[in-house]
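Student: Have a look at this prediction, sequence included:
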Amino acid sequence: MEYLQFLIIILFSPLLNGIIKKLKAYMQGRIGPGIFQPYYDLIRLFRKDMVVSVVASWIFKATPYIVMTSVIAASMLVPVITLKSPFGIIGDVIALIYILALGRFFMALAGLDTGTAFGGEGSSREMTVAILVEPMMMLSIFTAAISAGSTNITRIAETQSMFYSPSHILALAAFIVAVVAETGRIPIDNPDTHLELTMIHEGILLEYSGRYLALMEWAHYIKQMLLFTITIDIFFPAGISHSTEIYGLALSSGVYIVKMIFMAVSMALIESSRAKMRFFQLPSLLGGAFVLALLSLLMFIMMGGK
Amino acid sequence: MESYFYTGILFFLFGAVISCITPRKVKNYTYVLSAIGAVNLIITGLYLSTGSLISIPSIPISPALEFAFQGDALSGFFVTVISILTLPVSIYSIGYTKNIGNQGLMGFLYNLFALSMYAVVLSGNVITFLISWETMSVVSYFLVTFDRNEKSAKAGLLYAVMTHIGTAFIIILFLVLYKCTGHMDFSGMKAASAGIPEDLKTLVFIFSIIGFGTKAGIIPFHTWLPKAHPAAPSNISSLMSGVMIKTGIYGFIRISMDVLGHGPEWWGITIIVIGAVSSVIGVLYALMEHDIKKLLAYHSIENIGIILLGVGSSMMFGSNGMYTLSAIALIAGLYHTLNHAVFKGLLFLGAGSMMHATHTKNMEDMGGLIKSMPYTGLFFLIGSVSICALPPFNGFVSEWLTYQALLLGFNAPSITSKIISPLGGAALALTGALAAACFVKAFGISFLGVPRSRHAQAAKESSASMIAGMAILALLCLLAGIFPGTVINIISPSVISLTGSDGNISYNGFLSVSQTFSSLAPAAILISMLCIGVAVALFVIAGGKRKTVYADSWDCGMPSLTSRMQYTATAFTKPIRLIFKRIYLPKRELSISYILKPLFVKSLKYSGEITPFFERYMYEPLTSFIRTAAAKARLLQSGNLNLYLGYILITLMLLLIFGI
């Protein structure tokens, strides 16, 4: 069981996205598509033929596989319902962030590969956002990692106590901003748009169709659920099973579902209550979050490791 | 074992001589000799790096002085690094130098350059070191100015001036060390270093930062590097960026860690700060470059910064008596030294192939090269992924170790170290993200999309030997990324001799920091990635076959996209330029001439540039001050013989009066 817990993320990630969409629709007074819609979309895309640009090289074709591989490899490093995470030993949270960065690197290259302005724009913006988000994400994890004395996610989850110090709350705030940015959600990016002035992630996907698009979309869902899971593991690990006995796992799964729904509601709330920011206003938001993460680290050190 | 060493050296000497006398048509094959020499020296280096010794007799030049060579583990490690890069670069040079002018001179200088670097890291005493160091500087000066044009002459001049300022500081610090210890050889100095007064130790430390830092290219002594490295032919840039600047790191470690021993804690912290600043500023300037070789040169500054983060942490832990942590940090620094040599060497060779094919260094005139140069493209991509520290390649392992070292800084007793170390980690994270953006630009703009110029359209793949040279380095990028245990075995003896511990970090392919329970198994990551990749591919194949239609890229319904409608490198980095405008101080000029204002535009001219901060606000005032001072001093020199005789008379009288 503990070997297969990453499959939970892979299989249920479209459902999570469906739930967020449904919640969003509910908050905005719409009916919205059913929560299983992302599955139907993926199946539909898988069945379609593909159109590929004549300009595209092998990078364009390899990227969906590389992106998918990177998110799945990253998911394997994360404890989902039990802290007995056998793959956790092969890489820590730094490895996880860099594996995700590998996927992003190729995605940005794919944007430039077709020689259109949209793709280039998407890549340029994606990498710019990454510059602001990645260090912030690292810093907020550093606080948790130093307090746990380890960068291993399992270890961090084990040592995280129920009582939150100010530094943890600041780190959490910064981390949430990072998650919003990484999942391409409002106010940083808009997942529902194809308007060239506002898109970041979608700009890169513009040339993709059929199966490649299905892989890219699925990978994006997995990344979203993975980031939520990391947030839970690092900041709210309470309730996760420490062993692999069946009752513990059942309880742990229940707790995980509740936490995931909580994350989904928060995301839907953030998305429904904010407007998309102009791209060049992002540095003030993300830079602010970076300062929060920095403050959390300094506070943690100044308070003597609390 | 000595025989490998002498054979290696002899082959380089043969290479230098024979390249001058063979007929023109086969001159480029003389690099085979250098390659054989490099293989011999890899064996020697690996042998030395285990801590075993070889005896090289010293050559006396006067009763007091002699040329002495010594090879301890640290020298051995650097010999290995130099040889590992020299071997593929020599193979690459066979194809690369085929059509250049003055091949004989190139072959001669190339071999001499390699020899001088070996001599630097194997020097046993001060005199040998300085002579080798100067030889290396002078030979590389001739290589920088090898393409005879005004630009390279200027770059060469700047290089010569900067490197000699550095050398001046090195000479002073050696004199101080000699004065205090009474020894000319490094081992003697080390033995007697306890007797050096504290202030003089500090002086030596600061001078070694300036002296060796100038060669390594740390900020703010970096200005020569982005000018000189691109000016040299690409095989030489590869050696200069890959290994020559590492001799600066070698010198610094030799003096500040080996000879001086553990200093006060602020030494290490200073080095961490210098490393953090160099890495961030270096990569920020790299992002704004469109000249592919200048971009790579700025990345060398960045990577020297990353190496110094490791070395600095090691010194900091060392002064606090935390030897295991000190060892982990030094392993990180030395590991990155090796990695940087491999991937930066590869990238410069790739840049050489690109320039060879497109006759330009400007990325805005390239584009679409991955189709005409598939191998160069693949290898350049591997180099890019490695330098961005993405798994499963080598850059990731050393940066991971550096992160661990910096996070462990929290365990240091003083509050300054507790704060500075994680901030160094933050700088490293920022550097990593910026480097990724920079290499998406470098690779994406030059290799992907539609060719942006006629030359790029007509580009052809490089010759077999050039590809072979790059292939070796690309393979090494992967191997050093998945077998960290092997690399650490090479590094360990030097680390033990410098810190007294081996860091206790590597267990059959696993890296595991025992203090923190953090672990990494790069090979396992690679294997799981491969398995997942195959599984995903099988999943897609299992879905049955679907048709793929090839069509033009989406053009919004307009007829035919042109190559000018693609994103340019300038456009790609525009958001970054705006975000970091306090650092770049960008200037833009837009001039529009109208036929009829404001609707009918006749022509539109846009230009933008960033302010080179250090040149403008540090070096220009300094040079203008020196010029003014020199102009004042010139008043003394009228050219009149009688006046000069008068000076001599006055000096003599003053000496007679005060000299008694």
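Tutor: It's in.
Student: give me the residue from the stretch 551-660 of chain B nearest chain A.
Tutor: Closest contact between the stretch 551-660 of chain B and chain A, by Cβ to the nearest Cβ, is at B:Tyr567 (2.3 Å). Backbone N, C-alpha and C define where each C-beta goes, glycine included.
Student: What segments of chain A are strands?
Tutor: Assigned by DSSP state E, chain A shows strands spanning A:50-53.
Student: hey, which helix is longest across it?
Tutor: The residue-count maximum for a helix in chain A (DSSP state H) belongs to helix A:117-148.
Student: picking that back up, these two touch, right, the residue of the stretch 551-660 of chain B closest to chain A and A:Ser124?
Tutor: Yes. Look at B:Tyr567 against A:Ser124 with Cβ atoms under 8 Å: they come within range, at 6.4 Å.
Student: Show me what the helix or strand harbouring B:Phe11 is packed up against.
Tutor: Under the criterion of DSSP states H and E, B:Phe11 resides in helix B:2-21. Helix B:2-21 is packed against helix B:31-49, helix B:103-122, with contacts defined by 3 or more Cβ pairs under 8 Å, 6 or more residues apart in numbering or on different chains; DSSP states H and E.
Student: Contacts for that helix, please.
Tutor: Residues from elsewhere that reach helix B:2-21 (Cβ atoms under 8 Å, 6 or more residues apart in numbering or on different chains): B:27, B:30-31, B:33-34, B:36-41, B:43-44, B:47, B:54-56, B:83, B:103-108, B:110-112, B:114-115, B:118.
Student: Go again with 7 Å.
Tutor: For helix B:2-21, the external contacting residues (Cβ atoms under 7 Å, 6 or more residues apart in numbering or on different chains) are B:27, B:30, B:33-34, B:36-37, B:40-41, B:43-44, B:54-55, B:104, B:107-108, B:111-112, B:114-115.
Student: what's the answer for stretch B:521-534, then?
Tutor: A:65, A:69, A:72-73, A:76, A:89-91, A:95, B:391-392, B:397, B:481-484, B:509-510.
Student: For that stretch, the averaged confidence score.
Tutor: Per-residue pLDDT over stretch B:521-534 has a mean of 93.
Student: buried stuff in that stretch?
Tutor: B:Ala521, B:Pro522, B:Ala523, B:Ala524, B:Ile525, B:Leu526, B:Ser528, B:Met529, B:Ile532, B:Gly533 (16 or more other Cβ atoms under 10 Å in any protein chain shown).
Student: Quick check, pLDDT for residue 304.
Tutor: No chain was given, so I picked chain A. 72.
Student: try again with chain B
Tutor: On the pLDDT scale, B:Ile304 is placed at 96.
Student: Now for whichever residue of chain A sits closest to chain B, how many residues are close by?
Tutor: Per Cβ to the nearest Cβ, A:Gly120 is where chain A lies closest to chain B, at 2.3 Å. Neighbours of A:Gly120 under the rule other Cβ atoms under 10 Å in any protein chain shown: 28.
Student: List the contacts of it.
Tutor: A:Gly120 sits next to A:Gly111, A:Leu112, B:Gln566, B:Tyr567, B:Ala571, B:Phe572 when contact means Cβ under 7 Å, 6+ apart.
Student: Show me which of the residues you listed are buried.
Tutor: Buried among those (16+ other Cβ under 10 Å): A:Gly111, A:Leu112, B:Gln566, B:Tyr567, B:Phe572.
Student: Was I right to think the first one contacts A:Arg125?
Tutor: This means A:Gly111. No. A:Gly111 lies out of contact with A:Arg125 (Cβ atoms under 7 Å); the separation is 9.4 Å.
Student: counting contacts, what elements does the helix or strand containing B:Tyr335 pack onto?
Tutor: Assessed by DSSP H and E, B:Tyr335 sits inside helix B:323-358. Using 3 or more Cβ pairs under 7 Å, 6 or more residues apart in numbering or on different chains; DSSP states H and E as the contact test, the elements touching helix B:323-358 are helix B:73-96, helix B:234-239, helix B:245-252, helix B:292-319, helix B:374-387, helix B:394-408, helix B:464-482, helix B:484-499.
Student: moving C-terminal of it, what's the next helix or strand?
Tutor: helix B:369-372.
Student: So for that following helix, what gets flagged as buried?
Tutor: Using 16+ other Cβ under 10 Å as the test for burial, helix B:369-372 gives B:Leu369, B:Ile370, B:Ser372.
Student: That one - contacts with which helices or strands?
Tutor: Partner elements for helix B:369-372 (3+ Cβ pairs under 7 Å, 6+ apart): helix B:415-447.
Student: Could you identify the helix or strand that succeeds the helix it packs on?
Tutor: Past helix B:415-447, the next helix or strand by DSSP H and E is helix B:454-457.
Student: average pLDDT across that next one?
Tutor: Mean predicted confidence for helix B:454-457 is 89.
Student: Now tabulate the helices and strands packed on helix B:323-358 in CSV and tack on mean neighbour count and distance to chain A.
Tutor: CSV is the format used below for the helices and strands packed on helix B:323-358 (neighbours: other Cβ atoms under 10 Å in any protein chain shown; distance: least, Cβ to the nearest Cβ, whole Å):
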stretch, mean neighbour count, distance to chain A
helix B:73-96, 27, 24
helix B:234-239, 28, 23
helix B:245-252, 25, 24
helix B:292-319, 29, 14
helix B:374-387, 24, 7
helix B:394-408, 28, 5
helix B:464-482, 22, 12
helix B:484-499, 21, 13
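Student: would you turn these into a markdown table with distance to A:Ile270?
Tutor: Conversion of the helices and strands packed on helix B:323-358 to a markdown table gives the following (distance: least, Cβ to Cβ, whole Å):
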| stretch | distance to A:Ile270 |
| --- | --- |
| helix B:73-96 | 50 |
| helix B:234-239 | 49 |
| helix B:245-252 | 47 |
| helix B:292-319 | 35 |
| helix B:374-387 | 34 |
| helix B:394-408 | 30 |
| helix B:464-482 | 38 |
| helix B:484-499 | 41 |
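Student: still on that earlier bit, closest one to B:Asn411 among the helices and strands packed on helix B:2-21?
Tutor: Closest of these to B:Asn411 is helix B:31-49, at 29.0 Å (criterion: Cβ to Cβ).
Student: Note down every partner strand of the helix or strand just after the closest one and its orientation.
Tutor: Scanning forward in sequence from helix B:31-49 by DSSP H and E, the next helix or strand is strand B:59-60. Strand B:59-60 has the following sheet partners, assigned by DSSP bridges: strand B:66-67 (antiparallel).
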